[in-house]
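Colleague: Sequence plus predicted model, see below.
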Amino acid sequence: PNTSRNMFIGHVDFPTARFMSASIPVNICMIRMLSYDCRRTIDYPQFSNRGVLVQQNVIDTVSAMTAALERGDIDTVMSFYVDDAVVAFEPGEPVRGEQHLRAGFAAFAAAKPEFRYDDGHEVMTTGDIAVHIAPWTMSGTAPDGTPIVDSGLSVATLRRQVDDSWKIMLDNPFGARLIS
């Protein structure tokens, strides 16, 4: 029996003429047959090879990292970043290296931050690279007890790993600074 009917995940549009296009059903089996490496997608960026929305996986990665930062769990935060990640803890001042990243995240965590992404997330992907963009707000408390309220635009680049998870390569929570 053909079980691929149960794994239907959408349509792919192919241009057939200058002003026309054809749409064909695509299922996970077809993607696996056409892929050189079954762990990766082929020019169908919104789906992983398991039919799970890639965009949601990226958002879940960023959300889980944010939750770990709010808890002050720096080891877990670091697990969401590639080894050579670059993070801007201050606008226009990116840093790299585990020691700098741990210090920056520890400083953020000391404020007991609560982050919100009320205006949603946007994710764009191509192959194994994703860009995550989201406006954020944060409230917390400075070491002297002064309330902290801040906001910005997070722009992060992530790379899909061999196990289909995502890790952050570049993280700039101050992406809006150039337009304000």
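Modeller: Ah, there it is. What you see is a predicted model, and the numbers here were worked out from it, not measured in a lab. Numbers count the residues shown, from 1 in each chain.
Colleague: Give me the most central residue, the protein.
Modeller: V58 (3.5 Å; CA atoms, centre = their mean).
Colleague: could you measure that one against H100, distance?
Modeller: 24 Å (CB to CB, to the nearest Å). All C-beta spots, glycine's among them, are computed from the backbone N, C-alpha and C.
Colleague: residue boundaries of the strands in the protein?
Modeller: Secondary structure of the chain, counting by DSSP state E: strands at 8-17, 20-27, 81-90, 93-96, 114-116, 122-126, 129-141, 147-160, 166-172.
Colleague: could you dump stretch 73-88 to PDB, C-alpha only?
Modeller: Extracted C-alpha coordinates of stretch 73-88, given in PDB (Å, rounded to 0.1, in the frame of the first residue of the first chain):
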ATOM      1  CA  ASP A  73      20.600  28.900  33.800                       C
ATOM      2  CA  ILE A  74      23.700  30.000  31.800                       C
ATOM      3  CA  ASP A  75      24.800  26.400  31.000                       C
ATOM      4  CA  THR A  76      21.500  25.800  29.200                       C
ATOM      5  CA  VAL A  77      21.600  29.300  27.500                       C
ATOM      6  CA  MET A  78      25.100  28.400  26.200                       C
ATOM      7  CA  SER A  79      23.800  25.100  24.800                       C
ATOM      8  CA  PHE A  80      21.700  27.000  22.300                       C
ATOM      9  CA  TYR A  81      24.700  28.700  20.800                       C
ATOM     10  CA  VAL A  82      27.300  27.400  18.400                       C
ATOM     11  CA  ASP A  83      30.900  27.400  19.700                       C
ATOM     12  CA  ASP A  84      32.000  30.400  17.700                       C
ATOM     13  CA  ALA A  85      28.800  32.400  18.300                       C
ATOM     14  CA  VAL A  86      28.800  36.200  18.300                       C
ATOM     15  CA  VAL A  87      26.500  38.200  20.600                       C
ATOM     16  CA  ALA A  88      25.900  41.900  21.000                       C
END
